[in-house]
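**Student:** dropping a prediction and its sequence here:
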Amino acid sequence: MNGQELFSEERSAAVVAASFQGTRDERLRQVMTSLVRHVHAFVKDVELTEAEWGKAIAFLTATGQQCDGVRQEFILLSDILGVSMLVETMNHRTGGTSTESTVLGPFHMVESPPRELGANIALDGKGAPCLITGQVSGPDGEPLAGAQVDVWQANEDGFYDVQQPGIQPERNLRGLFTTDAGGGFWFRSIVPRYYPIPADGPVGELLAATGRHPYRPAHVHFIVTAAGYRPVTTHVFVAGDPYIDSDAVFGVKDSLIREFPVVDAPARAAEVGLPNPFRTVHFDVTLLREEQAPLAAQPAEVQPIPVPGALA
Ligand code: BEZ
Ligand code: FE
């Protein structure tokens, strides 16, 4: 028999995977075959009912309907399932030799305005003043002069400027800085607050149905680029935040958490142009060279994840 093997419950994945055998693009064939294998295994694992399958289709349909030029509910779904962080982490393995990456998020939707080093990005002056400093260097510690440091953050109430047009000034708490001769950057801002991811759509409903909260711990976003080096998209997180151990999108990495201590030093405050006392954080960024070989895959999880209700 030359035709397709007929469908059966036992052989379902093999039958469907075989239908992709003629795919000319080898990578597409590999991806589709693996996808089918895992989806079929999942459906069998949970003994999916027709009603649940219908609910899943309705959920994915609503997720698509929630998407427009600004809102991307599918990325949000990927975020709360940890898929965004997994893809990000696998594609930016550092082996501890450079700054770790984390999710980009949906709020880098406007370009950060170029600003001079030392500028105050808190355009409305609201919030706890904070001095943010750091140095960009390469893998051997070489300082990277002329690197671009793109930053954006939420305000003291946990909102980005784009979420509060008419309330916050445009481009509030955003800036694009260029490092000095020693690779250094510094600017004035405020301490951000934790905030909920957009939770008024299907992803929010899923979080509620599963007893999960929608909050992200307070952070400042960074994209750091330098000619000849691999860019990094990352955050610095505020140590002690109530959600530091339960980020709704799994974006926290230990190496990215910093204290934001209070500095009580009138002379230093006057020097940097902040009221005394003020908060401060120092965040150094190390980039890999462009030609450095990507690190190999980490060993896959060996411990099976317990699934309630699954047959032993
Ligand atoms: C953010 O940090 O801006 C973000 C990341 C993922 C989902 C929602 C927001
Ligand atoms: Fe954010």
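**Tutor:** Ah, there it is. Ligands and ions are numbered 1, 2, ... in the order given.
**Student:** in the stretch 151-300 of the chain, where is pLDDT below threshold?
**Tutor:** By pLDDT under 70, the weakly predicted segments of the stretch 151-300 of the chain are 293-294, 298-300.
**Student:** and the residue in it positioned nearest to ligand 1, how many neighbours?
**Tutor:** The nearest approach of the stretch 151-300 of the chain to ligand 1 comes at Ile197, 3.9 Å away (C-beta to the nearest ligand atom). Just so you know, the C-beta spots here come from the backbone N, C-alpha and C atoms, and that holds for glycine as well. Using other C-beta atoms under 10 Å, Ile197 is surrounded by 19 other residues.
**Student:** contacts only, for it.
**Tutor:** Contact analysis of Ile197 by C-beta atoms under 8 Å, 6 or more residues apart in numbering lists Leu76, Asp79, Ile80, Val203, Pro214, Tyr215, Arg216, Ala248, Val249.
**Student:** make it 7 Å
**Tutor:** Leu76, Pro214, Arg216, Ala248, Val249 (C-beta atoms under 7 Å, 6 or more residues apart in numbering).
**Student:** can I get the buried part of these as one PyMOL selection?
**Tutor:** If you want just the buried ones from these in PyMOL, going by 16 or more other C-beta atoms under 10 Å, the selection is:
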select buried, resi 76+214+216+248+249
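**Student:** which one of the contacts of Ile197 is nearest Val236?
**Tutor:** Proximity to Val236 was ranked across the contacts of Ile197 by C-beta to C-beta; first place goes to Arg216, at 13.2 Å.
**Student:** wait, isn't that closest one in contact with Val249?
**Tutor:** Yes: counting by C-beta atoms under 7 Å, Arg216 touches Val249, with 6.3 Å between them.
**Student:** quick check: bridge partners of Val238?
**Tutor:** Arg258 (DSSP bridges).
**Student:** contacts only, for it.
**Tutor:** Val238 neighbours (C-beta under 7 Å, 6+ apart): Val191, Pro192, Pro217, Ala218, His219, Phe260.
**Student:** so which bits of the host helix or strand of Gly54 are buried?
**Tutor:** Assigned by DSSP states H and E, Gly54 belongs to helix 50-65. Neighbour counts using 16+ other C-beta under 10 Å place Thr63 of helix 50-65 among the buried residues.
**Student:** narrow the contacts of Val238 to those that are buried.
**Tutor:** Val191, Pro192, Pro217, Ala218, His219, Phe260.
**Student:** so which bits of the chain are right by ligand 1?
**Tutor:** Leu76, Asp79, Val103, Gly105, Pro106, Phe107, Ile197, Arg216, Val249 (C-beta under 6 Å from any ligand atom).
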